[in-house]
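A.B. asks: sequence first, then the predicted structure, then my questions.
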Amino acid sequence: MSVLLLLSAGRGPRECAWALTHLLGRLEDDARRQRLTTQRVQALPGDRPDTHRSVLIQIRGAGAEAFAASWTGTLCWQAPSPYRSGTGRKNWYVTAQPPPLDAAPTRFVEADVEIVACRTGGPGGQHRNKASTAVRATHRPSGMVVVVDDERQFSLNRRIALQLLRQRIEHGDEAARRAVTTARWRIHDEVVRGDPTRVERPEPSDRDPVPHRRPHPRR
């Protein structure tokens, strides 16, 4: 079992990118405890060191889907800002959502194309009608159909029909990839502040140590 999860700081301040990095580390630690493996597939760094605006993570193993669901939604990292000491805000929000999956590319194979000779009208139509030089080509997996009668020879029309089908399928795959990219970018605008599904805080060892003061000697 393998699932993808997209973590995004959206358009939040730099603290949200900082919070995302901490939440990502906490997620990866949680996954290891549950004997799951994780891989950072894509990452967009923040404008400060060791921060991320977004990370696409792949989770593998038994129970990966349920694990991802437990980390889906609005996530909150509760800690003071490391950049602005004057702000009283301590809640920094990140969204985690399963992203739209990449569309599988359509494999074009000539054996999947049904070629049928047909007759069409147009200039020189009498000769073409009698000879049936036009071609109707159907790509069976996609249902895409083209009809070509540009040439007087059936073999030339067949070659053109195959080229047209290949080009249209490639264009369709490119449009599908752009649609997936657009849908993923929309996730960045879906960060909801408040009502988090998870709230995580630094462990005591993660906090800045309190300076130790030596006791004054008694006089």
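C.D. replies: Looks like it arrived, so ask away. Residues are numbered from 1 along each chain as shown.
A.B. asks: and stretch 161-177, how far out from the chain middle?
C.D. replies: 22 Å (Cα atoms, centre = their mean, to the nearest Å).
A.B. asks: and for stretch 49-63?
C.D. replies: How far stretch 49-63 lies from its chain's middle: 12 Å, per Cα atoms, centre = their mean.
A.B. asks: that one spans what distance, first to last residue?
C.D. replies: 33 Å (Cα to Cα, to the nearest Å).
A.B. asks: in the chain, which helix or strand is least confident?
C.D. replies: Within the chain, confidence by mean pLDDT, DSSP states H and E is lowest for helix 125-131 among all helices and strands, at a mean of 50.
A.B. asks: who does the next helix-or-strand element following it touch, helix- and strand-wise?
C.D. replies: Sequence order places strand 134-139 as the next helix or strand after helix 125-131, per DSSP states H and E. Identification of packing neighbours for strand 134-139 by 3 or more Cβ pairs under 8 Å, 6 or more residues apart in numbering; DSSP states H and E yields strand 113-118, strand 144-148, helix 154-187. Where C-beta positions appear, they are placed from N, C-alpha and C, glycine not excepted.
A.B. asks: those: which one's closest to Trp18?
C.D. replies: Of all those, helix 154-187 sits nearest to Trp18, with 19.4 Å by Cβ to Cβ.
A.B. asks: re earlier: Thr74 is nearest to which of the helices and strands packed on strand 134-139?
C.D. replies: helix 154-187 (12.1 Å).
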